[in-house]
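> Give me the fold of what follows.
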Amino acid sequence: PLDRPAVVARIDDLLLAKLSQAGIEPAKISGDSEFLRRVYLDLTGQIPSVSTARDFFDDQQPNKRLRVIDQLLSKPKTFRHFAEVWRKLLLPGNTSPELLQQAVGLEAWLRDKFSDELRYDRIVSDIIAATGSAAEGPALFFTALESDPKKIAAATARIFLGLQLECAECHDHPFDDWKQEDFWGYAAFFARLPKNEGMMPARDQRLVDRRTGEVTLPDTDQVVAPQFPGGHHPSPQEPGTRRQQLAIWMGSPENPYLARAFVNRVWAQLFGLGLVEPVDDMGPHNPASHPEVIDLLADYFVASGYDFQELLRTVCQTQAYQRTSESSSQDPQPDELFAAMRVKVLTAEQLYDSLRSCLTQNEQESERQPLPFN
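Residues are numbered from 1 along each chain as shown. Okay, here's the model as predicted:
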């Protein structure tokens, strides 16, 4: 059985082997200030407080980095941050202002799931099979995509499976093995969502599957039956709606994409670059920079019960994650070799939350300090 220390060591060994093969010296391990800032921004979305930093710098225990990772993974700020990240991922950039007002419900739902340590495969299944109103949580994902089967198929394949199936919407995929029937067979799982004919505000719609509804190949009358990515169809005897059948498959061992796609997204969030880039275009046509690393992490993620906290804890403990961003070489190094930590740009939310944290701390410090004049 896999255990975390062995997985951490194996990841570092695989990365170092690639660096050695390329004749590149890895960067040194980052100092405490660089590490603390990085892990706080990555896990909580904001910089640490001054008092937190001072306590960390004063701590002389050799395992203090491991302890701070563990502490952060139990903080409400971490659950809020990841809910925010996934809310942005789930809602398209052109979501109407009316629907964005309902995003607080989706973000609260995600935050609760992460804080309850619900398995990632279960979270995805719950999203896929969601019902109810847009204000209640994941139903907003479908409403924001206008309950359009092809839009939902493209989005769910990219987000949860790391696949650009929509490239096969009008013709067979030009680079991958996906056929046009593969895309529309997957879209058929969403063909029975209710359509808004414009009579009801989007925020008031309720998501309940209809009894009928099919998709056809473009410019034809050929009906396409539901088909899981990879080729097989659900059994006619399987109970539940089409989306419920897809939700069950999403978290099943028959789905080879879910764990790899999530592992790759988490790696990209922590390192600023995925093991596969773009993160939503995985496949034989676009191999991973370190295939053994992504295979190892995906296997460990599944073995851990799709525990996203354990995945974060494992990756953050690697030497690769804790390296400085200062390269040991004057020559530019390929980012995909992870010789040094890639410099990441703050998101708007990270910048806002960090500035707010600084201002709050300054106000508190001012209240404690005597005024500089009589």
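> shaky segments in the stretch 101-250 of the chain?
The stretch 101-250 of the chain contains residues with pLDDT under 70 at 173, 176, 196-204.
> mind listing the strands for it?
For the stretch 101-250 of the chain, applying DSSP state E, counting those that start in this stretch gives strands covering 132-133, 206-207, 215-216, 223-224.
> In a markdown table, list those along with mean neighbour count and distance to Lys18.
Any C-beta I mention is one placed from the backbone N, CA and C, and that applies to glycine too. Listed next are these as a markdown table, based on neighbours: other CB atoms under 10 Å; distance: least, CB to CB, whole Å:
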| stretch | mean neighbour count | distance to Lys18 |
| --- | --- | --- |
| strand 132-133 | 16 | 47 |
| strand 206-207 | 17 | 46 |
| strand 215-216 | 18 | 43 |
| strand 223-224 | 16 | 42 |
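> For Val293, which of those is the nearest?
strand 223-224 (36.6 Å; CB to CB).
> Quick one: distance of the closest one to the chain centre.
32 Å (CA atoms, centre = their mean, to the nearest Å).
> try stretch 17-35
25 Å.
> Put the alpha carbons of it into PDB.
This file holds the C-alpha atoms of stretch 17-35, laid out as PDB (Å, rounded to 0.1, in the frame of the first residue of the first chain):
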ATOM      1  CA  ALA A  17      15.900  12.100 -12.400                       C
ATOM      2  CA  LYS A  18      14.500  14.300 -15.200                       C
ATOM      3  CA  LEU A  19      16.700  17.200 -14.000                       C
ATOM      4  CA  SER A  20      19.800  15.100 -13.900                       C
ATOM      5  CA  GLN A  21      19.000  13.700 -17.400                       C
ATOM      6  CA  ALA A  22      18.800  17.300 -18.700                       C
ATOM      7  CA  GLY A  23      22.000  18.300 -16.800                       C
ATOM      8  CA  ILE A  24      20.200  20.900 -14.700                       C
ATOM      9  CA  GLU A  25      20.900  21.600 -11.000                       C
ATOM     10  CA  PRO A  26      17.700  22.100  -8.900                       C
ATOM     11  CA  ALA A  27      17.300  25.300  -7.000                       C
ATOM     12  CA  LYS A  28      17.900  25.200  -3.300                       C
ATOM     13  CA  ILE A  29      15.100  24.900  -0.700                       C
ATOM     14  CA  SER A  30      13.400  28.200  -0.100                       C
ATOM     15  CA  GLY A  31      13.900  30.100   3.100                       C
ATOM     16  CA  ASP A  32      11.200  30.300   5.800                       C
ATOM     17  CA  SER A  33       9.800  33.600   4.700                       C
ATOM     18  CA  GLU A  34       9.400  32.500   1.000                       C
ATOM     19  CA  PHE A  35       7.900  29.200   2.000                       C
END
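> Output the strands of the stretch 101-250 of the chain in TSV, with distance to Val50 appended to each entry.
Below are these laid out as TSV (distance: least, CB to CB, whole Å):
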stretch	distance to Val50
strand 132-133	43
strand 206-207	46
strand 215-216	57
strand 223-224	59
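> so which of the ones you listed comes closest to Glu181?
That would be strand 223-224 among these, by CB to CB, at 6.1 Å.
> And for that closest one, what's in contact with it?
For strand 223-224, contacts defined as CB atoms under 8 Å, 6 or more residues apart in numbering pick out Glu181, Trp184, Gly185, Ala187, Ala188, Glu214, Val215, Thr216, Leu217.
> Most neighbours among those residues, please name it.
Trp184 (27 neighbours; other CB atoms under 10 Å).
> how about that residue, what does it touch?
Going by CB under 8 Å, 6+ apart, Trp184 touches Lys150, Glu169, Val215, Thr216, Leu217, Val224.
> Swap in 7 Å and give it another go.
Val215, Leu217, Val224 (CB atoms under 7 Å, 6 or more residues apart in numbering).
> Any chance you could spot the residue sitting in the middle of this protein?
With distances taken as CA atoms, centre = their mean, Arg265 lies nearest the centre of the chain, 4.8 Å away.
> What sits closest to it if chain neighbours are left out?
Val279 (5.4 Å; CB to CB, 6 or more residues apart in numbering).
> do you know how far the one you found is from Tyr306?
Using CB to CB, to the nearest Å, Val279 is found at 18 Å from Tyr306.
> C-terminal to the strand or helix carrying the residue nearest to the centre of the chain, what's the next element?
Taking DSSP states H and E as the definition, Arg265 sits inside helix 258-271. As assigned by DSSP H and E, the chain's next helix or strand after helix 258-271 is helix 291-303.
> Buried residues in that following helix, which are they?
Val293, Ile294, Asp295, Leu296, Leu297, Ala298, Tyr300, Phe301, Val302 (16 or more other CB atoms under 10 Å).
> In this structure the first one contacts Leu275, no?
Translated: Val293. Yes. If you go by CB atoms under 7 Å, Val293 and Leu275 touch, sitting 6.0 Å apart.
> Which stretches in the stretch 101-250 of the chain count as helices?
103-115, 120-128, 139-144, 149-156, 180-187, 242-250 (DSSP state H, counting those that start in this stretch).
> Same list as before, those helices that is, but in JSON lines and with distance to Tyr352 included.
Below are the helices of the stretch 101-250 of the chain laid out as JSON lines (distance: least, CB to CB, whole Å):
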{"stretch": "helix 103-115", "distance to Tyr352": "15"}
{"stretch": "helix 120-128", "distance to Tyr352": "26"}
{"stretch": "helix 139-144", "distance to Tyr352": "22"}
{"stretch": "helix 149-156", "distance to Tyr352": "26"}
{"stretch": "helix 180-187", "distance to Tyr352": "37"}
{"stretch": "helix 242-250", "distance to Tyr352": "33"}
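> Of those helices, which is nearest Arg210?
Using CB to CB, these put helix 242-250 closest to Arg210, at 10.2 Å.
> Contacts for that closest one, please.
121, 124-125, 128-129, 160, 189-190, 192, 209, 226, 228, 234, 238, 255, 258.
> Just the buried ones from these?
Looks like these have 121, 124-125, 128-129, 160, 189-190, 192, 209, 226, 228, 234, 255, 258 buried, using 16+ other CB under 10 Å.
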